[in-house]
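Student: sequence plus predicted model, see below.
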Amino acid sequence: MKKLAILLITVSLSFGAMAVKDNKKATNTLPILTGQVVDHETGEKLAGAMVKVDGAEKCVFTDFDGQFEITGLTPGNYKLEVSLISYNSNNIKELKLVGGDQKALKVELKR
């Protein structure tokens, strides 16, 4: 009886470990878009800039260091719009995201 209990516990733990491994694999296939938004002339990091992904209904704002991260995008082609009050918007018309990649952008805004 003791051997049967140990066998059942071992099998249960093995299936649990495989499920976690498969879940990590699925998460790793989605691209991650990161970046920083800065002032074109001074290079100053711009906090509070809006980064909008057209076609994906996703929008985030930069943190105090001008950094942003967008997850949950499927591989494909996207348009990106970056804007901040008192700056001209910067539109990136062709942004190709491939599964499993982490793409980092540096976006400059002009006054």
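Tutor: Arrived safely, thanks for sending. Residues are numbered from 1 along each chain as shown.
Student: list the buried residues for stretch 100-111?
Tutor: 107, 109 (16 or more other C-beta atoms under 10 Å). In this view, the C-beta of every residue, glycine as well, is placed from N, C-alpha and C.
Student: distance from it to the middle of the chain?
Tutor: Relative to the centre of its chain, stretch 100-111 is centred 12 Å away, using C-alpha atoms, centre = their mean, to the nearest Å.
Student: ok, stretch 63-73 next?
Tutor: Per C-alpha atoms, centre = their mean, the centroid offset for stretch 63-73 relative to its chain is 7 Å.
Student: and stretch 70-78, by the same measure?
Tutor: 8 Å.
Student: cool, stretch 44-62 as well?
Tutor: From the chain centre to the centre of stretch 44-62 is a distance of 12 Å (C-alpha atoms, centre = their mean).
Student: now the end-to-end length of it.
Tutor: 13 Å (C-alpha to C-alpha, to the nearest Å).
Student: what residues sit buried inside it?
Tutor: For stretch 44-62, a neighbour-count test (16+ other C-beta under 10 Å) marks 45-46, 49-53, 56, 58, 62 as buried.
Student: avg pLDDT for that stretch?
Tutor: Mean pLDDT, computed over stretch 44-62, is 95.
Student: what comes into contact with it?
Tutor: If you take C-beta atoms under 8 Å, 6 or more residues apart in numbering as the criterion, stretch 44-62 is touched by 33, 35-39, 63-70, 72-73, 78-84, 87, 107, 109.
Student: give me that answer again for 6 Å
Tutor: 37-38, 64-66, 68, 70, 73, 78-84 (C-beta atoms under 6 Å, 6 or more residues apart in numbering).
Student: cool, stretch 93-106 as well?
Tutor: 28-29, 31-36, 73, 75, 77-80.
Student: hey, what's the closest residue to residue 66 other than its chain neighbours bridged with?
Tutor: Spatial nearest neighbour of residue 66, chain neighbours left out: residue 45 (3.4 Å); criterion: C-beta to C-beta, 6 or more residues apart in numbering. Residues in a beta bridge with residue 45, per DSSP bridges, are residue 38.
Student: what distance do you get for residue 47 to residue 60?
Tutor: Counting by C-beta to C-beta, to the nearest Å, the gap from residue 47 to residue 60 is 12 Å.
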